[in-house]
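[1] Sequence and predicted model, in that order:
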Amino acid sequence: MRRYRLSYGAHKTMARNSLEYSFLPGQRLWAPDSYRTRTNACRSRRAPSTGRKAFLASSAKARQQWQLEIDLDRFE
């Protein structure tokens, strides 16, 4: 961060973009054109839902994006 003088927010966006534009199969976790709104199945992070489990099970990309968000929350 210091070397390239990028903000934490910029690093967070780059980490999210690395998964978004990866070749992982499946649907994305995020609604189109935003890292602010998750897909309907994953909107709530508190209560586990059958819809969320099924969605994450069907998409390697969404699973990795979900894990990144968990890791970012723990870091922050």
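    Cool, the structure landed.
[2] Show the contacting residues for residue 51.
    Residues near residue 51 by CB atoms under 8 Å, 6 or more residues apart in numbering: 40, 41. C-beta: built from backbone N, CA, C; applies to glycine.
[3] Distance check, it against residue 75.
    Distance, residue 51 to residue 75, using CB to CB, to the nearest Å: 27 Å.
[4] Next one: residue 57 from residue 6, what distance?
    Residue 57 is 34 Å from residue 6, by CB to CB.
[5] Which parts of this structure are helices?
    8-20, 50-58, 60-75 (DSSP state H).
[6] the inter-axis angle of the shortest one versus helix 60-75?
    Spelled out, it's helix 50-58. Orientation of helix 50-58 against helix 60-75 (axes from the mean of the first three to the mean of the last three CA atoms, to 10 degrees) gives an angle of 110 degrees.
[7] give me every residue that touches the nearest residue to residue 8 once chain neighbours are set aside.
    Closest residue to residue 8 apart from its sequence neighbours, by CB to CB, 6 or more residues apart in numbering: residue 1 at 7.0 Å. Contacts for residue 1 (CB under 8 Å, 6+ apart) come out as 7, 8, 11.
[8] I'm done for today, thanks for sticking with me.
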